[in-house]
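> Based on what follows, work out the 3D shape:
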Amino acid sequence: MLRTLSGRLAAAMLVLILVISVIFVGLSLFVTRLHFQEVNQSLGRTLAADVVSGTPWLMRGHDVNQDAFKDAFDRLMEINPSIEIYLLDPEGHIMAFSAPPGRVKRESVGLEPVEDFLSGDRPFPIRGDDPRDPERAKVFSAAPLLSNNELQGYLYVVLGGEEHDSVVELFQTSFVMRLGAGLAIAAVAFSLLVGFLSFSLLTRRLRDLTRVMDTFRASDMREPAALRPWRHQGGDEIDRLGETFEHMSERIAAQIGQLREADESRRELMANISHDLRTPMASLQGYLETLQIKDDSLSPEERRHYLELSTKHSHHLSRLTDELFQLARLDQPNPSLESEPFSVAELAHDVAQKFRLEVEQRGLNMETEIPVDAPFVSGDIGLIERVFDNLIDNAIKYTAPGGTLRLALTPKDGMVEATIADTGCGIPEADQPHIFERFYRVKRRAGPPAEGTGLGLAIAKRILELHGSPLSVKSAPGVGATFTFQLPASAA
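Reported below is the predicted structural model:
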């Protein structure tokens with residue numbers, strides 16, 4: 001039971017109730033005893049004075065009149081059997097008493113409480129020395145014994161005997177105290193029962209939350225927690241805790257899913273890198289070994305052919321490593337961008353001029369629509385040039401001889417839209433969602449496979465993401481492809 005929160009709360013409540021009960025009972029007994037003593041002393045306040053006035057011959061000079069003292073004691077015992085009377089001299093020494101022989105332990109009684117009682121300046125109860133017990137004090141009534149206005153001593157009446165000295169005796173002799181104690185015990189038991197049921201109901205949602213957490217952990221944190229059925233409108237602390245955990249579990253599950261996807265992508269990337277590096281490296285190594293082994297038997301044309309092939313594969317490796325380095329730099333958490341205003345029209349002209357020779361060699365046509373008054377844009381000019389390079393290079397690879405490439409800039413709504421279009425083989429609809437993935441290459445329906453590493457479009461998309469611009473594509477098989485992106489115009 002103590003392993004559960006409700007059980008611990010109930011145990012804590014039990015301890016608290018018991019502590020409060022003990023304190024309350026102790027205070028109640030203390031106050032009850034004081035009240036009993038106050039009432040007893042108030043009722044017996046004039047008892048000693050009445051005895052003295054009714055029996056003036058208690059003293060014969062400085063001696064005790066034993067017959068008168070016994071007569072006064074007998075009369076008082078008929079009225080209240082629990083009292084005890086003592087005759088004191090002016091210094092408080094006990095001269096006579098009504099207790100059985102051997103029961104009186106004191107030889108004198110302190111007179112300060114007696115003087116306070118007679119003066120009437122102190123509130124009741126006023127307790128004086130108990131002649132029967134050197135360590136105890138009791139309420140009393142007192143009166144002076146005078147003869148010719150000369151103090152002869154005091155009559156000291158102890159109100160209440162030994163039967164009320166202990167708490168146990170007080171409970172044994174008081175029906176009200178026994179009834180109160182029974183009711184207190186019943187109230188504590190009832191409070192514990194109600195408290196346990198209340199705590200069990202209050203912690204029910206915590207138990208549900210614990211069960212959902214265990215389920216979430218058992219699912220390897222793949223399935224988000226669902227707590228909506230038991231949340232209350234408005235919500236208290238437990239509801240807010242459940243809502244927070246629900247959102248946290250959704251985020252954790254999403255992040256774990258992303259980590260798994262990233263791990264799978266990393267594995268696939270490593271496999272693709274290994275494949276793309278191994279093929280040109282193996283070819284390059286084979287051609288170089290051929291040149292080395294057959295150097296004496298090769299003709300100049302054959303040697304030139306092997307060198308050209310080696311150079312081609314070397315360029316391919318160089319470009320692949322360069323693109324991998326570029327992609328790794330762009331994938332850093334906070335890649336640095338050297339953003340500045342620049343003329344995108346001049347940049348587009350330069351890029352078109354750079355590819356002009358290759359376009360002519362492949363038998364293609366290139367059209368440009370670049371307004372002279374195109375506004376400046378803001379961005380990293382080196383990275384934007386890389387975007388143009390990759391998109392135009394991709395268009396060249398997938399366009400057959402006789403086709404056309406078009407590079408256009410269009411200012412609109414504070415932006416400059418760049419379009420790179422071709423009349424190539426186009427991109428099948430099934431391939432379009434994947435063309436920006438790393439190492440993904442669209443297969444041609446006819447002709448040799450397209451050259452390249454499969455990283456150009458991924459790099460272009462990542463660069464434009466860092467500039468806050470999406471890269472979109474429209475294409476259909478046999479029609480060609482059109483890539484579009486926008487850059488914000490600059491005030492410069």
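
> elements contacting the strand or helix carrying A458?
Assessed by DSSP states H and E, A458 sits inside helix 456-466. Here helix 456-466 touches helix 300-330, helix 381-397, going by 3 or more C-beta pairs under 8 Å, 6 or more residues apart in numbering; DSSP states H and E. In short, each C-beta sits where N, CA and C put it, glycine included.

> hey, which of the ones you listed is tucked in deepest?
Neighbour counts averaged per stretch over the helices and strands packed on helix 456-466 are highest for helix 381-397, at a mean of 21; criterion: mean count of other C-beta atoms under 10 Å.

> Now do it against helix 456-466, angle only.
Between helix 381-397 and helix 456-466, the angle comes out at 150 degrees (axes from the mean of the first three to the mean of the last three C-alpha atoms, to 10 degrees).

> And helix 381-397, what does it pack against?
helix 344-361, strand 404-412, strand 415-422, helix 456-466, strand 480-488.

> closest one to R45 among these?
Comparison of the helices and strands packed on helix 381-397 against R45 by C-beta to C-beta identifies helix 456-466 as nearest, at 99.6 Å.

> Quickly, which of the helices and strands packed on helix 381-397 bottoms out on average pLDDT?
Lowest mean pLDDT of the helices and strands packed on helix 381-397: helix 456-466, a mean of 87.

> S141 contacts Y154, correct?
No. Using C-beta atoms under 8 Å as the test, S141 is too far from Y154 to be in contact (10.6 Å).

> Give me the below-cutoff pLDDT ranges for the stretch 51-200 of the chain.
54-67, 74, 76-80, 160-177 (pLDDT under 70).

> can you pull out the strands in it?
Under the criterion DSSP state E, counting those that start in this stretch, the stretch 51-200 of the chain contains strands at 59-60, 63-64, 84-88, 94-97, 127-130, 133-147, 150-158.

> Could you dump those strands into JSON lines with mean neighbour count and distance to S472 added?
Formatted as JSON lines, the strands of the stretch 51-200 of the chain follow (neighbours: other C-beta atoms under 10 Å; distance: least, C-beta to C-beta, whole Å):
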{"stretch": "strand 59-60", "mean neighbour count": "17", "distance to S472": "126"}
{"stretch": "strand 63-64", "mean neighbour count": "14", "distance to S472": "126"}
{"stretch": "strand 84-88", "mean neighbour count": "24", "distance to S472": "112"}
{"stretch": "strand 94-97", "mean neighbour count": "18", "distance to S472": "117"}
{"stretch": "strand 127-130", "mean neighbour count": "21", "distance to S472": "100"}
{"stretch": "strand 133-147", "mean neighbour count": "18", "distance to S472": "101"}
{"stretch": "strand 150-158", "mean neighbour count": "21", "distance to S472": "109"}
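
> got these as CSV, with distance to P428 columns?
Shown next, in CSV, are the strands of the stretch 51-200 of the chain (distance: least, C-beta to C-beta, whole Å):
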stretch, distance to P428
strand 59-60, 135
strand 63-64, 134
strand 84-88, 119
strand 94-97, 124
strand 127-130, 109
strand 133-147, 108
strand 150-158, 116
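
> can I get the CA coordinates of stretch 481-492 in PDB?
Output in PDB follows, covering the C-alpha atoms of stretch 481-492 (Å, rounded to 0.1, in the frame of the first residue of the first chain):
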ATOM      1  CA  ALA A 481      11.300  20.300 -67.300                       C
ATOM      2  CA  THR A 482      11.000  23.800 -65.900                       C
ATOM      3  CA  PHE A 483      12.700  24.800 -62.500                       C
ATOM      4  CA  THR A 484      11.700  28.000 -60.800                       C
ATOM      5  CA  PHE A 485      12.900  29.900 -57.700                       C
ATOM      6  CA  GLN A 486      12.600  33.400 -56.400                       C
ATOM      7  CA  LEU A 487      15.000  35.800 -54.700                       C
ATOM      8  CA  PRO A 488      14.000  39.000 -52.800                       C
ATOM      9  CA  ALA A 489      14.800  42.300 -54.600                       C
ATOM     10  CA  SER A 490      17.200  44.500 -52.800                       C
ATOM     11  CA  ALA A 491      16.900  48.300 -52.300                       C
ATOM     12  CA  ALA A 492      20.600  48.800 -53.300                       C
END
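
> Quick check: buried residues in it?
Within stretch 481-492, the residues scored as buried using 16 or more other C-beta atoms under 10 Å are A481, T482, F483, T484, F485, Q486, L487, A489, S490.

> Show me the contact partners of it.
Contact with stretch 481-492 is made by 341, 344, 375-379, 384, 387, 391, 395, 398, 411, 414-422, 424, 426-427, 464, 467-475, as judged by C-beta atoms under 8 Å, 6 or more residues apart in numbering.

> So how do I select the buried members of those in PyMOL?
Command for PyMOL that selects the buried part of those, burial taken from 16+ other C-beta under 10 Å:
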select buried, resi 344+375+376+377+378+379+384+387+391+395+398+411+415+416+418+419+420+421+422+424+426+427+464+467+469+471+473+475
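
> Please identify the buried residues of the helix holding A458?
Buried residues in helix 456-466 (16+ other C-beta under 10 Å): G456, L457, A458, I459, A460, K461, R462, I463, L464.

> Repeat that for stretch 336-349.
Buried residues in stretch 336-349, counted by 16+ other C-beta under 10 Å: F342, S343, V344, A345, L347, A348.

> Centre of the chain to that stretch, how far?
Its chain's C-alpha centre and that of stretch 336-349 lie 48 Å apart, by C-alpha atoms, centre = their mean, to the nearest Å.

> so how far is the helix holding A458 off the chain centroid?
Helix 456-466 sits 39 Å away from the centroid of its parent chain (C-alpha atoms, centre = their mean).

> Name the residues that touch that helix?
Helix 456-466 is contacted by residues 323, 326-327, 330-331, 335, 337, 380, 383-384, 386-387, 390-391, 393-394, 435-438, 470-471, 485 when judged by C-beta under 8 Å, 6+ apart.

> returning to what we had before: could you redo the helices and strands packed on helix 456-466 as TSV and give each row distance to V188?
Shown next, in TSV, are the helices and strands packed on helix 456-466 (distance: least, C-beta to C-beta, whole Å):
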stretch	distance to V188
helix 300-330	72
helix 381-397	78
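
> Just send those helices back as a markdown table, with distance to G286 and mean pLDDT too.
Compiled in a markdown table, the helices and strands packed on helix 456-466 are given as follows (distance: least, C-beta to C-beta, whole Å; pLDDT from 0 to 100):
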| stretch | distance to G286 | mean pLDDT |
| --- | --- | --- |
| helix 300-330 | 9 | 76 |
| helix 381-397 | 25 | 90 |
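
> Find the centremost residue of the chain, please.
The centroid of the chain falls nearest to L241 when counting by C-alpha atoms, centre = their mean (8.0 Å).

> gap between that residue and L206?
According to C-beta to C-beta, to the nearest Å, L241 stands 8 Å off from L206.

> Could you do H305 as well?
Distance, H305 to L206, by C-beta to C-beta: 79 Å.

> Same question for R386.
Distance of R386 to L206, computed by C-beta to C-beta: 56 Å.

> got it, and I185?
Using C-beta to C-beta, we find I185 at a distance of 31 Å from L206.

> and what of Q37?
Counting by C-beta to C-beta, the gap between Q37 and L206 amounts to 52 Å.

> Also S119?
S119 sits 66 Å away from L206 when distances are taken as C-beta to C-beta.

> can you redo the buried residues of stretch 481-492 as JSON lines with distance to M95?
Formatted as JSON lines, the buried residues of stretch 481-492 follow (distance: C-beta to C-beta, whole Å):
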{"residue": "A481", "distance to M95": "131"}
{"residue": "T482", "distance to M95": "131"}
{"residue": "F483", "distance to M95": "127"}
{"residue": "T484", "distance to M95": "126"}
{"residue": "F485", "distance to M95": "122"}
{"residue": "Q486", "distance to M95": "121"}
{"residue": "L487", "distance to M95": "121"}
{"residue": "A489", "distance to M95": "122"}
{"residue": "S490", "distance to M95": "120"}
